[in-house]
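Chemist: Build the 3D model from these lines:
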Amino acid sequence: MGLDRSPDTAIRKINRRDFLRITSLAGGAVALCNIEDVFALSAKRITIATGDIGSASFAIGTGIAKTLAKYSGVETVAEITAGLVDNCELVGSKRSDLGLVTADTAYDAFRGSGVFEGNPIPIRVLTVLYPTYAHVVTLENKGIFGIKDLAGRSVAIGTPGSGTHTIALRLFEAAGIIPGTDITVMNIASSELPRALRNGKIDAYVLSSGVPAESLCDLASTPGPTMFLVSHDTLIPLMKANHGPVYYTSAISRDIYPGMKEDAIVCAVANVIICHRDMDTRSAYDTLKTIFGHLKEIYPVHNEARQISLELGASLNSIPYHPGAQKFFQEKGYAAPA
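Modeler: Sure, this is the predicted structure:
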């Protein structure tokens, strides 16, 4: 998704946390601004922590930002960040108003576990957006048909702090595989993963994504050995026992990607919007009212956005919803857990 290079676009260097801030104005323009400017004007802006510029989180976060700006009259900022852990910390410290994260990272932040060990973050859930699926990607001729078959292989597992990295480590933990000992961990840019797999640089990679993932559609359509997604449903109960009730079993249908011969039964986790527990009830309520009142304008920004619905929005049971979100969903006939 490209940036709107309007005449008012300003690009400035920032030196805190090395991330950019993308400002979505009511007229649809997108601008980069200095982090100090955002702090100074925080009372006049809504800030949304998303992800890197090529991610679904960034695309959907930008779509939500434009919608909020258009219909609330409040300037809205979609921030490019270092990832899910960063987003939780930004929201918890009130440097961002909203954050797009996966439920497993949010659960760790809320409880003070995992990378947040001993440091719980005061967040609440506004809504579920869409499900993310753990794709364990290989080629049929690699002879990898289960997670334990990855032992002795070269595997890319995502950037630390990302949803892919978190779920990959937990899959391996459940399978008794130690990264760096039982497998060779490869650090490869996500855009290069399909080529690295085809060229034999890696034997497999993990990708946490909605479906269909565009890069996997391309990989599956490329001439050569057939793409294969490794099922891992037997590991999910142990993942839940070790890391909480955020994971669930789902199927990636063989109809999703070209050439698939059978469904892949995999681990799934929700993508959610979080806010600080101290966000005022009216702001939380109005944010959801605007988002769900204008979904037709958000749906086109990314495939995953088309899955946003009221029923799914109120479906998370592992992390408390903000009181403003509870009020909104209750009025729509859905019970969001306190």
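Chemist: can you tell me how far Ile177 sits from Phe328?
Modeler: Ile177 is 42 Å from Phe328, where distance means Cβ to Cβ, to the nearest Å. C-betas here are computed from N, CA, C, even on glycine.
Chemist: So Pro337, which state does it fall into?
Modeler: coil (DSSP: H, G, I helix; E, B strand; the rest coil).
Chemist: Pull the contacting residues for it.
Modeler: Residues near Pro337 by Cβ atoms under 8 Å, 6 or more residues apart in numbering: 316-317, 320-321.
Chemist: do that again at 6 Å, thanks
Modeler: Listed by Cβ atoms under 6 Å, 6 or more residues apart in numbering, the contact partners of Pro337 are Asn317.
Chemist: any idea how far Gln330 is from it?
Modeler: 11 Å.
Chemist: Same check on Ala103?
Modeler: Taken as Cβ to Cβ, the span from Ala103 to Gln330 is 21 Å.
Chemist: picking up where we left off before, of Ile177 and Phe328, who's got more company?
Modeler: Neighbour count, other Cβ atoms under 10 Å: between Ile177 and Phe328, Phe328 has more, with 27 against 18.
Chemist: dump the residue contacts of the more buried one.
Modeler: Per Cβ under 6 Å, 6+ apart, neighbours of Phe328: 285, 288.
Chemist: just how off-centre is whichever strand or helix holds it within its chain?
Modeler: The secondary structure element spanning Phe328 is helix 323-331 (assigned by DSSP states H and E). Distance, stretch centre to chain centre, for helix 323-331: 23 Å (Cα atoms, centre = their mean, to the nearest Å).
Chemist: Check stretch 204-222 too.
Modeler: With Cα atoms, centre = their mean, you get 15 Å for stretch 204-222.
Chemist: Quick check: buried residues in it?
Modeler: Residues of stretch 204-222 classed as buried by neighbour count (16 or more other Cβ atoms under 10 Å): 204-213, 215-216, 219-220.
Chemist: Just the ones of those in helices?
Modeler: The helices, defined by DSSP state H, take in 215-216, 219-220 from these.
Chemist: Listing request: residues of the stretch 151-300 of the chain with sub-threshold pLDDT.
Modeler: Under the criterion pLDDT under 70, no range of the stretch 151-300 of the chain is flagged.
Chemist: residue boundaries of the strands in it?
Modeler: Using DSSP state E, counting those that start in this stretch, the strands assigned to the stretch 151-300 of the chain run over residues 154-156, 184-186, 204-209, 227-229, 248-252, 264-276.
Chemist: where does Val77 land in three-state SS?
Modeler: Under three-state DSSP, Val77 comes out as strand.
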